[in-house]
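Trainee: Below is the sequence, then the predicted model.
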Amino acid sequence: MRSPIPDYLAEVRGAVEPDRSGAPADYIPELAAADPERLGVAFAMVDGEVYASGDVDQAFTIQSISKPFVYALALADRGFGTVLDKVGVEPSGEAFNEISLEPGTGRPFNPMINAGAIATHSLVGTGQMGADVRLRRVIDGLSAFAGRGLETDESVFASEMAHAHRNFAIAHMLRTHGILTEDPATVVEGYIRQCAVLVTVRDLAVMAATLANNGVHPVSGQRVVPGPVVRQVLSVMSTCGMYDAAGDWATQVGIPAKSGVAGGLIGSLPGQIGIATFSPRLDSHGNSVRGVSLFERFSSDMGLHLMEVPAPARAVVRGTRVVGTGAAAGRVVELQGAIRFTGAERFVREIVSIAPSEPRVALDLTHVHSIDDVARRMLLEVVRRLTLDGREVYLVDPETVVPDPDPGDGGRVAVVRTVEEFVHHRGG
Ligand code: GLN
């Protein structure tokens, strides 16, 4: 059987293809020369599976889609404090090239507009690096997100440099306010090279999937940036990624996203998928016209809106039963699914209401496939309190979803692999 997913991609591509509205960016002459008919789309799943359709292997410049990734590198290299001191996280509601700096401090509103991205570029690396070494770090970092060595398009770079008066103006303003502490022209040059990095739609989907996969490249398994950095980047993408169209995007599409003036567009849905599209004609906000339509379709066809309220999780407590009698009697509480705070709350509530009177209690995790940190701590606290109440507590944990359980302070727990083992275990 053939997977229906590539057919779906071909179908939506066909649906938006006739739309010839908008125009390629022309303030960078080299971009105006792009073939406006090109259209590609790719999905990269967080386990590395990629589906692609259309012009998916032709390279184009990444432009502003570099911004979230370089922001991630700066956060990873310099820490949150240093970066937040220089670049804010408030949506500006203005065009990407607006000179929007916070009154007083001169801090750019966010890292997704040019002002913030230029400042962010300067923050990558150690702070002591020369501009060339720093640029190398930027390109290597973008390559790590993509999982292959990326290069720049020198003619797009030269073309933008020759017309970058506005970005130079922005950088000089940043220098005036001490947001940049070095030669503004050198930083703009590095930033424009960063924007001239060549990527394909396939690369962009994988880069977005690396964010969706919490910073770990879905194919190589390499950790590119730490988890907390990803959370910060996705948050800023969701509020600022689409510039002055951010509110429309957040309500209609609801996928953290970033667009670039060459016509690329990425979306990254935490834990699920990286999506990329390419079509050079832009709307008045500088976002790809057909890209926006594609994302609107993806979001509604596949229920990908971040604020889509999921069906309530199936009961975390699958069932409870008593095995054995007398001093050997044991209460088995069987849990299931992926347990986070709200699931753990249900379990706690259940065990409080059962108030097991049996001398032995087993928490059966056989059907639990993941348990996050807070849920694990809640579970272990229940173990501790049951111990203090005089119960002998067991975890049935064949897949080790709770490694090295330590209930702390007066708590005791024995780990077994099956309920059978619990039944026959004596004097644990
Ligand atoms: N290099 C472009 C610029 O600085 C990037 C803009 C964009 O993609 N929105 O103007």
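Mentor: Looks like it arrived, so ask away. Numbering: from 1, shown residues only.
Trainee: Show me what from this protein comes close to the ligand.
Mentor: For the chain, the residues in contact with the ligand (CB under 6 Å from any ligand atom) are 63-64, 96-97, 114, 160, 167, 192, 195, 260-261, 286. No exception for glycine: its C-beta is placed from N, CA and C like everyone else's.
Trainee: do that again at 8 Å, thanks
Mentor: Selection of the chain residues close to the ligand by CB under 8 Å from any ligand atom yields 25, 27-28, 61, 63-65, 96-97, 114, 117, 160, 164, 166-167, 191-192, 195-196, 243, 259-262, 286.
Trainee: So which of these belong to strands?
Mentor: 61, 259 (DSSP state E).
Trainee: Among the residues of the chain next to the ligand, the buried ones, what's the PyMOL command?
Mentor: Per 16 or more other CB atoms under 10 Å, the buried members of the residues of the chain next to the ligand correspond to this PyMOL selection:
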select buried, resi 25+28+61+63+64+65+96+97+114+117+160+164+167+191+192+195+196+243+259+260+261+262+286
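Trainee: what about stretch 336-356, average pLDDT?
Mentor: The average pLDDT within stretch 336-356 is 93.
Trainee: Buried residues of it, list them for me.
Mentor: For stretch 336-356, burial by neighbour count (16+ other CB under 10 Å) applies to 336-337, 339-340, 343-344, 347-348, 351, 356.
Trainee: CA atoms only for it, dumped as PDB, please.
Mentor: Output of stretch 336-356 as PDB, limited to C-alpha atoms (Å, rounded to 0.1, in the frame of the first residue of the first chain):
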ATOM      1  CA  GLN A 336      -2.000   4.000  31.700                       C
ATOM      2  CA  GLY A 337      -0.900   6.500  29.000                       C
ATOM      3  CA  ALA A 338       1.300   9.500  29.100                       C
ATOM      4  CA  ILE A 339       1.100  11.000  32.600                       C
ATOM      5  CA  ARG A 340       1.600  14.700  33.200                       C
ATOM      6  CA  PHE A 341       0.300  17.000  36.000                       C
ATOM      7  CA  THR A 342      -3.400  16.600  35.200                       C
ATOM      8  CA  GLY A 343      -3.100  12.900  34.900                       C
ATOM      9  CA  ALA A 344      -1.200  12.600  38.100                       C
ATOM     10  CA  GLU A 345      -3.900  14.700  39.900                       C
ATOM     11  CA  ARG A 346      -6.500  12.100  38.800                       C
ATOM     12  CA  PHE A 347      -4.300   9.300  40.200                       C
ATOM     13  CA  VAL A 348      -3.700  11.100  43.500                       C
ATOM     14  CA  ARG A 349      -7.500  11.800  43.800                       C
ATOM     15  CA  GLU A 350      -8.300   8.200  43.100                       C
ATOM     16  CA  ILE A 351      -5.900   6.800  45.600                       C
ATOM     17  CA  VAL A 352      -7.000   9.200  48.300                       C
ATOM     18  CA  SER A 353     -10.600   8.100  47.700                       C
ATOM     19  CA  ILE A 354      -9.800   4.400  47.600                       C
ATOM     20  CA  ALA A 355      -7.800   4.800  50.900                       C
ATOM     21  CA  PRO A 356      -6.400   1.200  50.400                       C
END
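Trainee: Please, where are all the helices along the stretch 201-350 of the chain?
Mentor: Applying DSSP state H, counting those that start in this stretch to the stretch 201-350 of the chain gives helices spanning 201-212, 227-240, 246-252, 289-302, 341-354.
Trainee: deepest of those helices, which one?
Mentor: The highest average neighbour count among these, using mean count of other CB atoms under 10 Å, belongs to helix 201-212 at a mean of 29.
Trainee: Which strands and helices lie in contact with it?
Mentor: Applying 3 or more CB pairs under 8 Å, 6 or more residues apart in numbering; DSSP states H and E, one finds that helix 201-212 contacts strand 40-45, strand 50-54, helix 66-78, helix 131-146, helix 227-240, strand 264-269, strand 273-278.
Trainee: Redo those as a markdown table? Include distance to residue 177.
Mentor: Below are those laid out as a markdown table (distance: least, CB to CB, whole Å):
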| stretch | distance to residue 177 |
| --- | --- |
| strand 40-45 | 39 |
| strand 50-54 | 43 |
| helix 66-78 | 18 |
| helix 131-146 | 20 |
| helix 227-240 | 20 |
| strand 264-269 | 31 |
| strand 273-278 | 35 |
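Trainee: With mean pLDDT as new columns, can those be given to me in TSV?
Mentor: Shown next, in TSV, are the helices and strands packed on helix 201-212 (pLDDT from 0 to 100):
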stretch	mean pLDDT
strand 40-45	98
strand 50-54	97
helix 66-78	98
helix 131-146	98
helix 227-240	96
strand 264-269	98
strand 273-278	98
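Trainee: thinking again about what came up before, distance to residue 401 for the helices of the stretch 201-350 of the chain - can I get that in a markdown table?
Mentor: Listed next are these as a markdown table, based on distance: least, CB to CB, whole Å:
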| stretch | distance to residue 401 |
| --- | --- |
| helix 201-212 | 23 |
| helix 227-240 | 19 |
| helix 246-252 | 35 |
| helix 289-302 | 29 |
| helix 341-354 | 13 |
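Trainee: Low-confidence bits of the stretch 201-350 of the chain, can you list those?
Mentor: Across the stretch 201-350 of the chain, the ranges flagged by pLDDT under 70 are 312-314.
Trainee: ok, now how distant is the residue lying farthest from the centre of the chain from residue 359?
Mentor: Farthest-out residue of the chain from its mean C-alpha position, per CA atoms, centre = their mean: residue 326, at 52.6 Å. Plainly put, residue 326 is 9 Å away from residue 359 if you go by CB to CB, to the nearest Å.
Trainee: The residue farthest from the centre of the chain and the ligand: what is the separation?
Mentor: Distance of residue 326 to the ligand, given as CB to the nearest ligand atom, to the nearest Å: 73 Å.
Trainee: cool, residue 372 as well?
Mentor: 36 Å.
Trainee: now swap in residue 306 and tell me
Mentor: Residue 306 sits 23 Å away from the ligand, going by CB to the nearest ligand atom.
Trainee: Report the secondary structure state of the residue lying closest to residue 396 once chain neighbours are set aside.
Mentor: Using CB to CB, 6 or more residues apart in numbering and skipping residues adjacent in sequence, the residue nearest residue 396 is residue 364, 4.2 Å away. Assigned by DSSP: H, G, I helix; E, B strand; the rest coil, the conformation of residue 364 is strand.
Trainee: what bridges to residue 364?
Mentor: residue 334, residue 396 (DSSP bridges).
Trainee: what residues are up against it?
Mentor: 332-335, 396, 419 (CB atoms under 8 Å, 6 or more residues apart in numbering).
Trainee: per-residue pLDDT, it?
Mentor: At residue 364, the model reports a pLDDT of 98.
Trainee: Relative to residue 394, how far out is it?
Mentor: Per CB to CB, residue 364 is found 9 Å from residue 394.
Trainee: tell me how far the ends of stretch 83-90 are from each other?
Mentor: 14 Å (CA to CA, to the nearest Å).
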